[in-house]
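A.B. asks: Sequence and predicted structure below; questions after.
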Amino acid sequence: MKLNCDMGESFGAWRMGEDELVMPLVDQANIACGFHASDPQTMRNTVKLALENSVSIGAHPAYPDLVGFGRRAMAVSPEEVEALLLYQIGALDGLCRAEGSQVDYVKPHGALYNAIAADASLLRAALTACARYRDGLPLMVLARADNSGSQRLAEQLGVPLLFEAFADRGYAADGSLLPRGTPGAVHGDDDSILNQALAFARGAPVALADGGSLCLTPDSLCVHGDNAHARSVLRRLRAGLDAL
């Protein structure tokens, strides 16, 4: 089980997250590509930090929404989604190549991530962007109770999928994330985050706010870098995953 975190989300003099402290604790770094956060120097510094810690680098493309941190829905066509991803993957990959590396996978951010999970035409656009950028470039998507539809589409386009579960987010019964701003959408204490993450890692059911339960089979677990509990939880979670 891999552990991932959103990184490089500072912008100029504005600082987000504790990348230097968090990076040694994770396996995969989802690096912002400038549309919801980050700037060229922040991106390059985050790439270097990931390489120094032998962490896999993922492009974290988003809607063009710096003010809303990429968390606001936008009316964007599949063709635009494909172009948005190609543009942002290329920007980060150029900085990776300057450091002797490359983008290892793609994980869309925020509202774009949720739109791709809900709309098959946008999922196809994201998969097409990965396929056209580089053969074998994986797309990280939300693990659901039933992943068969996304798996079939990915197989048609020849794109590997990485399924992801969230340690610090609340879930609905179908495996979709509860919308931010609704009760239980973001876990606010270390123990809740840790218990949910370890349950997913073991394949055990996770209790839901409506009284039901959910089992997922993710390849990677995410703790959001802007969560106030990120560093303390990641230390405990790293130890817990290593002990499984």
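C.D. replies: That came in fine, so what should we check first? Numbers count the residues shown, from 1 in each chain.
A.B. asks: the strands in this protein, which residues?
C.D. replies: For the chain, the strands defined by DSSP state E cover 2-7, 28-32, 56-60, 105-106, 139-142, 161-166, 206-207, 213-214, 220-222.
A.B. asks: Mean neighbour count, these: which tops it?
C.D. replies: The highest average neighbour count among the strands of the chain, using mean count of other CB atoms under 10 Å, belongs to strand 28-32 at a mean of 28. Glycine gets a C-beta too; all of them are placed from N, C-alpha and C.
A.B. asks: now for that strand, which elements pack on it?
C.D. replies: strand 2-7, helix 40-52, strand 56-60 (3 or more CB pairs under 8 Å, 6 or more residues apart in numbering; DSSP states H and E).
A.B. asks: tell me the angle of the first one relative to strand 28-32?
C.D. replies: Here the directions of strand 2-7 and strand 28-32 differ by 20 degrees (axes from the mean of the first three to the mean of the last three CA atoms, to 10 degrees).
A.B. asks: Now for the closest residue in space to Leu95 that isn't next to it in sequence, how many residues are close by?
C.D. replies: The shortest distance from Leu95 to any non-neighbouring residue, by CB to CB, 6 or more residues apart in numbering, is to Arg44 (4.8 Å). Neighbours of Arg44 under the rule other CB atoms under 10 Å: 19.
A.B. asks: Val223 too?
C.D. replies: Neighbour tally, Val223, other CB under 10 Å: 26.
A.B. asks: so what's the closest residue in space to it that isn't next to it in sequence up against?
C.D. replies: Residue nearest to Val223 in three dimensions, not counting chain neighbours: Ala167, with 4.9 Å by CB to CB, 6+ apart. Counting by CB atoms under 8 Å, 6 or more residues apart in numbering, Ala167 makes contact with His187, Ile193, Leu194, Gln196, Ala197, Phe200, Leu221, Cys222, Val223, Val233, Leu237.
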